[in-house]
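**Q** return atomic coordinates for the entry below.
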Amino acid sequence: MRYTVFHETKYLYNTNVTLSQQMLHMKPRNFALQQCEWYGLTISPNPNEHIERTDYFGNHSNYVAVFSPHKTLTVTSSSTVNLKPRQTISELQHSQSWETVKHLLNTQQAQHMEAIAYLFTSTNVTCRPELAAYAAPSFYANRPLIDAVYDLTQRVFKEFEFDDTATDVSTPLDEVLEGKRGVCQDFAHLMIGCLRSLGLACRYVSGYILTLPPKGKPRLIGADASHAWISVYCPIYGWIDFDPTNNCLVQNQHITVGWGRDFSDVSPMHGMVLGGGKQRLKVSVTVTPIL
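**A** You can find the predicted model right below:
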């Protein structure tokens, strides 16, 4: 599958902003299952400083700073992405038990060192007994890891309601767990917290999903905004992605921008401004298949 992605973020301020410094994660990353064939980034007003780099997790990032007074800041990214086929759930039936994977990660063997960074509490994900308890019905003794994670994915989808007014970036996981409402970011953080609380490695994935569904398929939630899902480490298969918001094993409709410990590592755009007063944010995302 090949896609074009258009992502425009526009901030409108009541008064002049005299300084804006922003960190961007908008370029789809390259890895075995995905190649970014083309990428373009435009910023208005033109930044006085612009630095491209690769972060600790291997994601492409842009630091930009605008020193000229402005009431509108517009960041537009465009890309063409090629996705390769992923394994289906039927092809992932022979994973080790989740207890075996936990033991392998606890031994800190060299071949698992990348995964160990995703075992612990992070800025937006706290490991808690309550999260382990919520996950427990899916993780009974000797259950294969992939089977257990897929079951937890289905439970989150069925038991939590998508509600974009219920939470914000700062809402803690215990409130999400109690309220049973949230958005894709919350559901990803919830699953990550559950899995890490059990001693398993799980990372947060930021990206996009197809705006228009295939013929005869329902429209996916979150299609007109940045999306988030999770990736769990399985020693036999590597990293396997699940989307609790849409109750699925990630296949060919998800475009990966980056991954990290949680949202704070791969926020599409975050930073600080001086001045501006009240602000309004407009975000437009379109993902189009190339036929």
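**Q** roughly how far does Lys278 sit from Arg86?
**A** Using CB to CB, to the nearest Å, Lys278 is found at 44 Å from Arg86. The way it works is simple: take the backbone N, C-alpha and C, and place the C-beta from them, glycine included.
**Q** more neighbours, these two?
**A** Legend: neighbour count by other CB atoms under 10 Å for Lys278 and Arg86, higher for Arg86 (17 against 8).
**Q** surely the more buried one touches Asn252?
**A** Yes. Assessed by CB atoms under 8 Å, Arg86 is found in contact with Asn252 at 7.0 Å.
**Q** helix/strand/coil for Phe157?
**A** Here Phe157 is recorded as helix under DSSP: H, G, I helix; E, B strand; the rest coil.
**Q** that one and Ala148: what is the separation?
**A** Distance from Phe157 to Ala148, by CB to CB: 15 Å.
**Q** out of those two, which sits in the more crowded spot?
**A** When Phe157 is set against Ala148 and neighbours are counted by other CB under 10 Å, the residue ahead is Ala148, at 23 against 17.
**Q** which pLDDT value belongs to that one?
**A** pLDDT for Ala148: 97.
**Q** what of Gln109?
**A** We have a pLDDT of 74 for Gln109.
**Q** run the chain-centre distance for the strand ranked longest in the chain.
**A** Using DSSP state E to define each element, the chain has its longest strand at strand 2-24. The chain centre lies 19 Å from the centre of strand 2-24; the measure is CA atoms, centre = their mean, to the nearest Å.
**Q** show me this protein divided up by domain.
**A** 2-83+267-289, 89-265 (automatic domain parsing).
**Q** helices along this structure, start to end?
**A** Here the chain has its helices, by DSSP state H, at 98-106, 113-116, 129-135, 145-159, 173-179, 184-197, 263-266.
**Q** mean pLDDT lowest where, among those helices?
**A** Mean pLDDT per stretch puts helix 113-116 lowest among these, at a mean of 90.
**Q** what's that one in contact with?
**A** Leu105, Gln108, Ala201, Tyr233 (CB atoms under 8 Å, 6 or more residues apart in numbering).
**Q** and the strands in the stretch 151-291 of the chain?
**A** Using DSSP state E, counting those that start in this stretch, the strands of the stretch 151-291 of the chain run over 161-162, 181-182, 202-209, 227-234, 238-243, 248-249, 254-260, 269-275, 279-289.
**Q** Ser78: how many residues sit nearby?
**A** Using other CB under 10 Å, Ser78 is surrounded by 16 other residues.
**Q** got the contact list for the residue nearest to it when sequence neighbours are not counted?
**A** Sequence neighbours aside, Gly40 is the residue nearest to Ser78 in space, at 4.7 Å (criterion: CB to CB, 6 or more residues apart in numbering). Going by CB under 8 Å, 6+ apart, Gly40 touches Ser77, Ser78, Ser79.
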